[in-house]
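> kindly generate the corresponding structure for this input.
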Amino acid sequence: MRWRDLLGFLRTWSSLHKYHALYTEDLNSIDPRFPEDLERIGSGIQGRVNNESHGDDETDVSGGDIAVRFWKDLREGVRSRGGQFGVDEPVVVEWPIALLLSKRA
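Below you'll find the model as predicted:
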């Protein structure tokens, strides 16, 4: 998926919606990191409601709610290691799961 797709996926989490129900002021947060995102996308993204779908290529990357801050934290980590961090760059997401099996003696 692309970085933009990852943000769209994060916004589907029910825990995020519960957080925003409790902390509505967080929806109005601004995170100034990665200003090039908005410059590259253009002014058409401004004023859209978070998580409103406008097609595959138009996930709202503006604002700074907790999902956007987490997403930008991840991108900063990738950037610091020399990886690709642009909104349309590919990213591989893995959800590792460990399973511990045991039986009684």
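> what about L38, which SS state?
helix (DSSP: H, G, I helix; E, B strand; the rest coil).
> packing partners of the worst-scoring helix or strand of the chain on mean pLDDT?
Ranked by mean pLDDT, DSSP states H and E, the weakest helix or strand in the chain is helix 35-41, scoring a mean of 77. The contact analysis (3 or more C-beta pairs under 8 Å, 6 or more residues apart in numbering; DSSP states H and E) places helix 35-41 against no helix or strand. The way it works is simple: take the backbone N, C-alpha and C, and place the C-beta from them, glycine included.
> that one: how far from the chain's middle?
How far helix 35-41 lies from its chain's middle: 15 Å, per C-alpha atoms, centre = their mean, to the nearest Å.
> now do stretch 11-28
On the basis of C-alpha atoms, centre = their mean, stretch 11-28 sits 13 Å off its chain's mean C-alpha point.
> so how far is the first residue of that stretch from its last?
15 Å (C-alpha to C-alpha, to the nearest Å).
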